[in-house]
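# Compute the structure for the input listed below.
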Amino acid sequence: MEDLKSSETWRVFRIQSELVEGFETLHDLGPAVSIFGSARLDPHSKYYKLAVELATRLSNAGFSIITGGGPGIMEGANKGASKGKGRSVGLNIELPLEQHPNKYQDIDLSFRYFFIRKLMFVKYSIAFVIFPGGFGTMDELFEALTLVQTKRIEMFPIVLFGKDYWKGLLDWMQSTLIPAGAISKEDLGLCTIVDSLDELCGFLLDHCKEQDIDLSSPPELKV
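Got it, this is the predicted structure:
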């Protein structure tokens, strides 16, 4: 029992260490967009290629790009960011399968705890862009929707990219969750679905103008 208690106590210090490292590294990041998506979509996927293009355009517009730091869509977004002017950030998680850091990161942070990693995404992003993905991607999506719905954080853009992929999920929410009273009609407005990079970039730039977010001179990040 004593060994277990000691182990739990030391876990607090590991958690504290990850929090401090994340805060100190990302404090001066500037306006950033987090891009989520499947780790299983390779460079031949159209969504991988679109993630590269989107991240390049956003990076050149003055945004830093944050991803989960792994392969697939995450790699595509970091690759695109590395071609632009903004920072390419990877918030990696230690997993037995799938997750290994991609090579396109200017800033590479590694986390043992999912909840700390999620905090960094929310704290340092002005928007979430959700590409097609699986359980991990949907976990980030619904975490963000829940935080906004419950007013734990201020409303910010949560954008689903790819109407063919996400339409079924939104239709199910409309036809099942709303009639059951599980969510309200207004809750569907917490996220936006788009199907083109032009529409997505325009949406994010309009949001920055409305919120007086300055993209003209992103700060240098000290690491």
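# Spatially central, which residue of the protein would that be?
Centrality entry for the chain: nearest residue to the mean C-alpha point is residue 34, 3.2 Å, by CA atoms, centre = their mean.
# Report the secondary structure element holding that one.
Element membership of residue 34 [criterion: DSSP states H and E] is strand 32-36.
# Determine how far that strand lies from the middle of the whole chain.
Using CA atoms, centre = their mean, to the nearest Å, the distance from the centre of strand 32-36 to the centre of the chain it belongs to is 4 Å.
# What is that strand packed up against?
Strand 32-36 sits against helix 46-61, strand 64-67, helix 73-83, strand 127-130, helix 135-149, with contacts defined as 3 or more CB pairs under 8 Å, 6 or more residues apart in numbering; DSSP states H and E. C-beta here means a position set from N, CA and C on the backbone, and glycine is covered the same way.
# Adjacent strands (with direction) for that strand?
strand 64-67 (parallel), strand 127-130 (parallel) (DSSP bridges).
# what's the angle between that strand and helix 46-61?
In terms of direction (axes from the mean of the first three to the mean of the last three CA atoms, to 10 degrees), strand 32-36 departs from helix 46-61 by 180 degrees.
# circling back: among the helices and strands packed on strand 32-36, which is the most enclosed?
Greatest average neighbour count among these goes to strand 64-67 (a mean of 30), per mean count of other CB atoms under 10 Å.
# how far off helix 135-149 does the strand holding residue 34 point, in degrees?
Angle of strand 32-36 versus helix 135-149, following the same axes, to 10 degrees, is 130 degrees.
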